[in-house]
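# need a 3D model of the sequence below.
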Amino acid sequence: MALAAVQSKADPAAKPKKLQPEGWSTSFSAGLNLTRGNSKNLLVNGSFLEKYNRGDNIFRLDIQGNYGESVTGTNNIEQTNVQNARGVAEYKRLVSERDYGYANAALSHDQIAGVDYRGIAGPGVGRYFFKGDSMNLNAEMGVAYICQRLSGQDGDNVIHLRLAQRFETKLLATSKLWESLEYLPAIDDFDNYLVYFEMGASAAMTTHLNLRVVFQDQFDSRPAAGKEKNDMQLIAGIGCQL
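Next up is the predicted model:
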């Protein structure tokens, strides 16, 4: 009996101690690209993701940032070529097994694209077409209040429609793929719109570490003066899942 009790306490099949409270999950990632010699370049990126999913409540906080600089010319003049950051907070409340209402807010800055600041906030409704541990697919519709100031322009405030969808699936037990699309046309002028697209994949290296590759595309139909409408970036790095 005593031996059995000792074996029970040391049972390797027992559940590991959780690092976070029930329903919460935290992950963050970082990447670095550095060259020296004939060319001198630096690119760093980082992200933080906090999720809560329990009962009828779902919450997500996603913060990302990128910075890059290069040295050009014989005088070693440093030039910033990447400097952007974006944070998104979203709360969903399920009203049935698949239907929900939501409220979200986003704040972003992009020096190179001439976005001094852009704030987006609003409510809406959504539905999960697939909802489970291995696959999720949902779509949303709502309104968004956008206040922004572009370089060399006065700030403006416009009401937009918001149409969005997100897909996430586990390819294997240790890897996953996700994709999201967000379309925001102005209510009074559908030629004035924003599009945010993201596709990414991650593969586990250890219990907590993984490799991540993320492609992001942001399109602004009316960018700051002298700036391109489309901005794309491909980000690779190491992530940590708590």
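# excluding chain neighbours, what is closest to the one residue sitting closest to the centre of the chain?
Residue closest to the mean C-alpha point of the chain, counted by Cα atoms, centre = their mean, is residue 62 at 5.0 Å. Excluding the flanking residues, the one nearest residue 62 by Cβ to Cβ, 6 or more residues apart in numbering is residue 88, at 4.6 Å. C-beta here means a position set from N, CA and C on the backbone, and glycine is covered the same way.
# same question for residue 231.
residue 218 (4.8 Å).
# which of the three states applies to the one you found?
Per DSSP: H, G, I helix; E, B strand; the rest coil, the secondary structure class of residue 218 is strand.
# now residue 118
Quick answer, by three-state DSSP: residue 118 is strand.
# thinking again about what came up before, and the helix or strand hosting the residue nearest to residue 62, what does it pack against?
Using DSSP states H and E, residue 88 maps to strand 77-94. Counting contacts by 3 or more Cβ pairs under 8 Å, 6 or more residues apart in numbering; DSSP states H and E, strand 77-94 is packed against strand 57-72, strand 99-110.
# how about 10 Å then?
strand 40-54, strand 57-72, strand 99-110, strand 115-131, strand 135-150, strand 209-220, strand 230-241 (3 or more Cβ pairs under 10 Å, 6 or more residues apart in numbering; DSSP states H and E).
# show me the one of these that comes nearest residue 33.
Taking Cβ to Cβ, strand 40-54 is the member of these nearest to residue 33, at 4.1 Å.
# re the thing from before, and the residue nearest to residue 62, what are its bridge partners?
Beta-bridge pairing for residue 88 (DSSP bridges): residue 62, residue 106.
# check which helix or strand covers residue 183.
strand 175-186.
# paired strands for that strand, with orientation please.
Strand 175-186 pairs in its sheet with strand 156-172 (antiparallel), strand 189-204 (antiparallel), by DSSP bridges.
# out of those strands, flag the one nearest residue 113.
Across the strands paired with strand 175-186, residue 113 has its closest neighbour in strand 189-204 (11.7 Å, Cβ to Cβ).
# tell me which residues in that closest one are buried?
For strand 189-204, a neighbour-count test (16 or more other Cβ atoms under 10 Å) marks 192, 193, 194, 195, 196, 198, 200, 201, 202, 204 as buried.
# got the angle for it vs strand 77-94?
Per axes from the mean of the first three to the mean of the last three Cα atoms, to 10 degrees, the angle that strand 189-204 makes with strand 77-94 is 90 degrees.
# can you give the distance of strand 189-204 from its chain's centre?
Computed by Cα atoms, centre = their mean, to the nearest Å, the separation of strand 189-204 from the middle of its chain amounts to 10 Å.
# ok, residue 183 to residue 163 distance?
5 Å (Cβ to Cβ, to the nearest Å).
# pretty sure the residue nearest to residue 62 is touching residue 106, no?
Yes - using Cβ atoms under 10 Å, residue 88 makes contact with residue 106 at a distance of 4.5 Å.
# give me the common contacts of these two.
Both residue 88 and residue 106 are contacted by 62, 120, 182, 196, under the criterion Cβ atoms under 10 Å, 6 or more residues apart in numbering.
# take the helices and strands packed on strand 77-94 and write them to JSON lines, including mean pLDDT and distance to residue 78.
What follows is the helices and strands packed on strand 77-94, written out as JSON lines (pLDDT from 0 to 100; distance: least, Cβ to Cβ, whole Å):
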{"stretch": "strand 40-54", "mean pLDDT": "93", "distance to residue 78": "9"}
{"stretch": "strand 57-72", "mean pLDDT": "93", "distance to residue 78": "6"}
{"stretch": "strand 99-110", "mean pLDDT": "98", "distance to residue 78": "19"}
{"stretch": "strand 115-131", "mean pLDDT": "97", "distance to residue 78": "22"}
{"stretch": "strand 135-150", "mean pLDDT": "97", "distance to residue 78": "25"}
{"stretch": "strand 209-220", "mean pLDDT": "96", "distance to residue 78": "25"}
{"stretch": "strand 230-241", "mean pLDDT": "93", "distance to residue 78": "20"}
